[in-house]
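[1] predicted model and sequence below, questions to follow.
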Amino acid sequence: MKEGPILFSGAMVRALLDGSKTQTRRVIKTAGIVDARALGPKAACCPYSEGQNLWVRETWYCDDYRVQRGPYLKPDDLDVEEAREHGTLVYAADGLRPYEAKQPVWRPSIHMPRWVSRILLEVTGVRVERLQDISEDDAWAEGCPEDATWPLDWYRSLWDRLNAARGYGWDTDPSVWVIEFKRLG
């Protein structure tokens, strides 16, 4: 089974780390499909499959001059775990600490190489649905904070922050891949 990357915002990375996020929804961008639900995952060329591993891309920074120059290749003598422990390799989702505040440039998640990733997910299920068909239980599985009063309102707001500017706002009710997963590492 092939492995692939998946992008998450800082808030969703924190939800992955605390175990509250076990689902994600991604817009189906297949031209000519009026209702992807009727076609099912295989017919709509699903990029995700059960059993597939996904490594999480998130905003990061490595204070090693060889990495800063790009193309972000791992130096042979860099111990990744040691770099994480000593603050040489840091993640924006963890929040800034005083010594990190002086770092000049966070690297965007889209540029995170595999060796930097600290979270690995295994896809346990994939289905197609319309965005607005999300249930309250699914909103919780999307990482809704425990103190939220209305999980569906929280999710709608999150969705629009991440997708409305790209033309896939809540009100457009796009067909989405619902990817369920468990965290492996």
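    Thanks, I have it.
[2] how about Phe8, what does it touch?
    Leu16, Thr24, Val56, Arg57, Glu58, Ser109 (Cβ atoms under 8 Å, 6 or more residues apart in numbering). C-beta: built from backbone N, CA, C; applies to glycine.
[3] among those, which are located in strands?
    Thr24, Val56, Arg57 (DSSP state E).
[4] out of those residues, who's nearest Glu122?
    Val56 (12.1 Å; Cβ to Cβ).
[5] separation between that closest one and Met112?
    8 Å (Cβ to Cβ, to the nearest Å).
[6] likewise Leu54?
    13 Å.
[7] and for the two, which residues touch both?
    With Cβ under 8 Å, 6+ apart, Leu54 and Met112 have common neighbours Pro5.
[8] confidence-wise, which helix or strand of the chain is lowest on average?
    helix 36-43 (a mean of 52; mean pLDDT, DSSP states H and E).
[9] and the longest strand seen in the chain, what's buried?
    When the chain is parsed with DSSP E, its longest strand is strand 120-130. By 16 or more other Cβ atoms under 10 Å, the buried positions in strand 120-130 come out as Leu121, Glu122, Val123, Val126, Val128, Glu129.
[10] list the contacts of stretch 46-54.
    1-6, 26, 41, 120-126, 177, 179, 181, 184.
[11] from Pro108, how far out is the residue nearest the centre of the chain?
    Residue closest to the average C-alpha location in the chain (Cα atoms, centre = their mean): Phe8, at 2.5 Å. According to Cβ to Cβ, Phe8 and Pro108 sit 12 Å apart.
[12] domain parsing of the protein, as residue ranges.
    As recorded under automatic domain parsing, the domains making up the chain are 3-57+119-183, 60-116.
[13] what residues does the longest helix belonging to the chain touch?
    Secondary structure assigned by DSSP state H gives helix 151-163 as the longest helix of the chain. Contact with helix 151-163 is made by 9, 11, 25, 27, 131, 134, 136, 139-140, 142, 144-145, 148, 169-170, as judged by Cβ under 8 Å, 6+ apart.
[14] over to stretch 55-73?
    Contacts of stretch 55-73 (Cβ under 8 Å, 6+ apart): 3-8, 10, 13, 16, 74-75, 78, 83, 87-93, 100, 103, 105-114, 116-121.
[15] wasn't Ala83 part of a helix?
    Yes. Per DSSP: H, G, I helix; E, B strand; the rest coil, Ala83 lies within a helix segment.
[16] that one touches Pro75, doesn't it?
    No. Contact criterion Cβ atoms under 8 Å: Ala83 and Pro75 do not qualify, at 9.8 Å.
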